[in-house]
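In: Here is my input, please return the structure:
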Amino acid sequence: MIPVRVTWMVCALAFVTFGAASGSEGSGKSEGSGPQQLAVALDGNCAVCAVGGKTVKGKDEFKSSYQGLEYKFPTAQIKAKFDAAPDTYAVQDMGHCKVCAVDMKKEVKGNPGIYAVHNGKIYLFVNEEVKKKFVAAPAKYTGEEAKKEEGSGNRPPRREGS
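Out: Numbering: from 1, shown residues only. A predicted model of the protein is given here:
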């Protein structure tokens, strides 16, 4: 198990690295420059295929942008599926690292090439070590742990006829 202190240091370093690199988000352009180059999500792998449990490389001719990331797809049909419901297939938390959010309480951009799929959702991470931490205990980071505790038998047992 990776200590929280190590995670904090790794996420803080990523925050400085990725945070500085993505300084002018939002408008799509920096003042006085051409169009901003979008980061390619999932290292060019298809998000629709990833949610389905497969790793398939996307092609440059089939791409869409969503929430500041560029997604690539192997076919026009799969691109159309993404375009029809991008929230279903896009990375969670607008590409922020879920481990950094929970452990550090900071929004840190995840690396678009370091990701995991859990319960049909794609999560980005700042590095492989942080990804391992998520994979070891995904419920802690997705909020599933809190939901389990809410329904954890604190009510008295139900009686017949009531």
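In: what separates residue 73 from residue 87, distance-wise?
Out: In this view, residue 73 and residue 87 are 16 Å apart by C-beta to C-beta, to the nearest Å. (Each C-beta comes from the backbone N, C-alpha and C, glycine too.)
In: which of those two has more neighbours?
Out: Set side by side, residue 73 and residue 87 show unequal neighbour counts under other C-beta atoms under 10 Å, the larger going to residue 73 at 26 against 8.
In: so who does that one touch?
Out: When contacts are counted by C-beta atoms under 8 Å, 6 or more residues apart in numbering, residue 73 is found next to 46, 47, 48, 58, 59, 62, 63, 64, 79, 82.
In: which helices and strands sit right next to the helix or strand containing residue 87?
Out: Secondary structure here is read from DSSP states H and E; on that basis residue 87 sits in helix 86-89. Counting contacts by 3 or more C-beta pairs under 8 Å, 6 or more residues apart in numbering; DSSP states H and E, helix 86-89 packs against helix 47-51.
In: which parts of the helix it packs on are buried?
Out: Within helix 47-51, the residues that qualify as buried by neighbour count (16 or more other C-beta atoms under 10 Å) are 47, 48, 49, 50, 51.
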